[in-house]
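A.B. asks: requesting a structural model of the entry that follows:
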Amino acid sequence: MQNTDNKRFVAIGLMLFAILFGAGNLIFPASMGQASGDHFVWAFIGFCITGVGLPLLAIMAMAYAGCNDLQEAAGRAHPLYGLFYTVVVYMSIGPCFAIPRTGTVAFEIGLWIFLVLFFVVSYWLAATPQKLVDRVGKILTPALVLTLGALIVKSVVDPLGVPQAAQPNYAGVLTATVAGILDGYNTLDAIAAFVFATLVTNFVREGGAKTAKEVTSQVYKSGILAVSLLAVIYFFIAKIGAESVTAIGMQDTGAPVLAETAKILFGNFGAILLSVIVLLACLTTSIGLITCCAAYFMRIVGRLTYKQYCLLFTIVSFLIGMFGLKTIIVSTIPV
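C.D. replies: Model (predicted):
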């Protein structure tokens, strides 16, 4: 029984990592690395405060509180506030910003037809949420880690260059750290983790955890595994960005940074490798977000079935995604 529980905790942790690690987690560290240059380590530390620390605290808080969902937790302030806050969160990490952003990173790197196929596959996998742990945690995540590992190892063995002087908004230790804190928050994981914590808790209970102590312990383990993987990958993506300026120049977003870097490191095969990384990273997050949003709005609104809500959010996300990555990022920041 103990071996089974351990395997379950690892699979859930890998699933959580995959749905947290999406579009922003690829593009923001790369862009931050370019801008922070020789101060990228300090920017990375700031990035981890909000991009790693806050998601972990959110997951642990939800598990410790024993709440069934975010609305119940936020409702402890006031029931109406709980409803308002939860709807805003789901719309922000769902069809308004985060889901379109996952597909748009793919659109920026690939062809528009790829965006269509991306959301078709997202809907297909999100329509069967009971299979998420097996499909994402045991299949898609290991594939994602392996492909990312190939890019990271190659960048360490054959670096593109040396970090250049930091841009003005990253100049200085304190300035770079504060800028990194803002960059890490823009991944939206500090907010999304509240929602994903509910998903993780449900899977832990389905795995056989009965008491509150058992559930909390398993959720903590899954959360620590997930964010530890995030931190390691953030460091190396930021490092790649910092070392890429002399080779490819400054880019508008992290998407072309990764695309050009992959081409230099792997030649023509680099485009294929990066496409796989983007597909897996963004797809797993898109699936998790569509699943959570559809389940929540089916519960509070009704009228449509779970699959119909999945389809609705998929279509809306696709349409917003067509506006392009830069437009979505600019629109997200004030919200």
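A.B. asks: residue contacts, the residue nearest to Leu20 when sequence neighbours are not counted?
C.D. replies: Closest residue to Leu20 apart from its sequence neighbours, by CB to CB, 6 or more residues apart in numbering: Asp189 at 5.3 Å. (C-beta placed from N, C-alpha, C; glycine too.) Asp189 sits next to Leu20, Gly24, Asn25, Gly51, Leu54, Pro55, Leu230 when contact means CB atoms under 8 Å, 6 or more residues apart in numbering.
A.B. asks: which stretches of the stretch 101-250 of the chain form strands?
C.D. replies: Remark: strands of the stretch 101-250 of the chain are absent; assignment by DSSP state E, counting those that start in this stretch.
A.B. asks: what ranges does it have for its helices?
C.D. replies: 112-126, 132, 141-157, 173-185, 189-206, 212-243, 245-248 (DSSP state H, counting those that start in this stretch).
A.B. asks: kindly check the end-to-end length of stretch 240-251 for me.
C.D. replies: 13 Å (CA to CA, to the nearest Å).
A.B. asks: quick one: mean pLDDT over it.
C.D. replies: For stretch 240-251, mean pLDDT rounds to 90.
A.B. asks: contact partners of that stretch?
C.D. replies: With contacts defined as CB under 8 Å, 6+ apart, stretch 240-251 is touched by 29-38, 40, 151-152, 155, 159-164, 254, 256-258, 260-261, 264.
A.B. asks: quick one on the thing from earlier: worst mean pLDDT among the helices of the stretch 101-250 of the chain?
C.D. replies: Going by mean pLDDT, the lowest-scoring of the helices of the stretch 101-250 of the chain is helix 132, which has a mean of 69.
A.B. asks: ok, how many other residues are close to Arg101?
C.D. replies: A count of nearby residues for Arg101, using other CB atoms under 10 Å, gives 27.
A.B. asks: Ser217: what's it in contact with?
C.D. replies: Ser217 neighbours (CB under 8 Å, 6+ apart): Ala209.
A.B. asks: ok, now how distant is the nearest residue to Ala231 once chain neighbours are set aside from Pro129?
C.D. replies: Nearest residue to Ala231 in three dimensions, chain neighbours excluded: Val52, at 4.9 Å (CB to CB, 6+ apart). Val52 sits 26 Å away from Pro129, going by CB to CB, to the nearest Å.
A.B. asks: these two: which is more packed in?
C.D. replies: Neighbour count, other CB under 10 Å: between Val52 and Pro129, Val52 has more, with 23 against 20.
A.B. asks: how close does the more buried one get to Ala35?
C.D. replies: Distance, Val52 to Ala35, using CB to CB: 19 Å.
A.B. asks: after the helix or strand harbouring Leu289, which helix or strand is next?
C.D. replies: Using DSSP states H and E, Leu289 sits in helix 268-300. Downstream of helix 268-300, the first helix or strand assigned by DSSP H and E is helix 306-321.
A.B. asks: contacts only, for the closest residue to Val116 other than its chain neighbours.
C.D. replies: Leaving aside its chain neighbours, Val116 sits nearest to Phe318 (7.2 Å; criterion: CB to CB, 6+ apart). Neighbouring residues of Phe318 by CB under 8 Å, 6+ apart: Pro100, Gly103, Leu115, Val116, Phe119.
A.B. asks: if you rank the contacts of Asp189 by neighbours, which is first?
C.D. replies: Gly51 leads the contacts of Asp189 on contacts (other CB under 10 Å) with 30 neighbours.
A.B. asks: what's the neighbour count on Ser317?
C.D. replies: Ser317 has 29 neighbours, counted by other CB under 10 Å.
A.B. asks: and the residue lying closest to it once chain neighbours are set aside, how many neighbours does it have?
C.D. replies: Once flanking residues are discounted, Ser317 sits nearest to Ile99: 3.9 Å by CB to CB, 6+ apart. Using other CB under 10 Å, Ile99 has 30 neighbouring residues.
A.B. asks: report pLDDT for Ile99.
C.D. replies: 80.
A.B. asks: please apply the same query to the one 3 residues further on.
C.D. replies: The confidence metric pLDDT takes the value 75 at Thr102.
A.B. asks: again, but for Met1
C.D. replies: For Met1, the pLDDT comes out at 42.
A.B. asks: next one: Val105
C.D. replies: On the pLDDT scale, Val105 gets 66.
A.B. asks: same question for Tyr170.
C.D. replies: For Tyr170, pLDDT reads 94.
A.B. asks: gap between it and Leu117?
C.D. replies: According to CB to CB, Tyr170 stands 37 Å off from Leu117.
A.B. asks: next: Ile49.
C.D. replies: Distance from Ile49 to Leu117, by CB to CB: 36 Å.
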